[in-house]
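Enquirer: sequence first, then the predicted structure:
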Amino acid sequence: MIGCECEVCSSTDKKDKRLRSSILVESPNTRLVVDTGPDFRYQMLRMKVKRLDAVVFTHPHKDHLAGLDDIRAFNYIMNKPIDVYADSLTEEAVRRDFYYAFSDTKYPGTPELNLNTITLDPFMVGDIPITPIPVWHLKMPVMGFRFGRFTYITDANRIEEQEKEKIRGSEFIVLNALRKEKHISHFSLSEAITVAVQIGAEKTYFTHMSHQMGLHDEVSKELPPNMFFAYDGLKFEI
């Protein structure tokens, strides 16, 4: 948190250094990211990502969208537009915020984006199957996604029962948990744990934590079995 000197923001533990929420999903032939927040450029540099085939968006809030301009590095490296998958609400924000990428007269170096509008129907990105799972961020619809045995949900405070059915059977789930105290549009830790128990994945990782959650190692001791806090750079295979 900018300007904060709390124990989390002052911690030297790498697991307390939390950038904006995003994930990279990779198969033998395809590599995509879910969301491009303001930290997108540094996240790609830090993980030494040299190739990217697509971006899949959950929703249009700036902390999940604002870094899209830096996709142009991949345009240059791969010499082609990057496929972008978003629902109509997010597509509208992309066209508005990055209007220069869709201008009839483009200046050199403008991001090259190939927009694909997604609905609730399953779709493929290369050889990666994706099932959209709509959730609620207060009154805003947000897209969660299931990739085979892995489901990713961020920025939610309510999941309808029929959507939970789409998640059940996942081996891994990543689910947002902002802090211990109740929040207007995000799951609190106890709410996220309740949802995780209902779904019953083999392993659940909590993400999108604020500094109000507390120190990673200390709060981790309070979690039920097979539930963990995610951290920047976490990797697992499915």
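Expert: Great, that's in hand.

Enquirer: for Val33, which non-adjacent residue is closest in space?
Expert: The shortest distance from Val33 to any residue other than its chain neighbours is 5.1 Å, reached at Leu24 (CB to CB, 6 or more residues apart in numbering). (Each C-beta comes from the backbone N, C-alpha and C, glycine too.)

Enquirer: now swap in Phe102 and tell me
Expert: Distances taken as CB to CB, 6+ apart put Arg95 closest to Phe102, at 5.7 Å, once the chain neighbours are dropped.

Enquirer: before we move on, which element is the one you found in?
Expert: Using DSSP states H and E, the element containing Arg95 is helix 88-97.

Enquirer: buried residues, that helix. List them.
Expert: Of the residues in helix 88-97, Thr90, Glu91, Ala93, Val94 count as buried by neighbour count, 16 or more other CB atoms under 10 Å.

Enquirer: you'd agree the first one is up against Lys62?
Expert: No: assessed by CB atoms under 8 Å, Thr90 is found out of contact with Lys62, at 11.7 Å.

Enquirer: picking up where we left off before, ok, which pair from the buried residues of helix 88-97 is furthest apart?
Expert: Within those, Glu91 and Ala93 form the most distant pair, 7.3 Å apart (CB to CB).

Enquirer: residue contacts, the most far-flung residue of the chain relative to its centre?
Expert: Among the C-alpha atoms of the chain, the one most distant from their mean position (CA atoms, centre = their mean) is that of Thr105, at 32.1 Å. Taking CB atoms under 8 Å, 6 or more residues apart in numbering, we find Thr105 in contact with no residue.

Enquirer: per-residue pLDDT, it?
Expert: At Thr105 the predicted local confidence, pLDDT, stands at 85.

Enquirer: where's it, which helix or strand?
Expert: With the criterion set as DSSP H and E, no secondary-structure element contains Thr105; it sits in neither a helix nor a strand.
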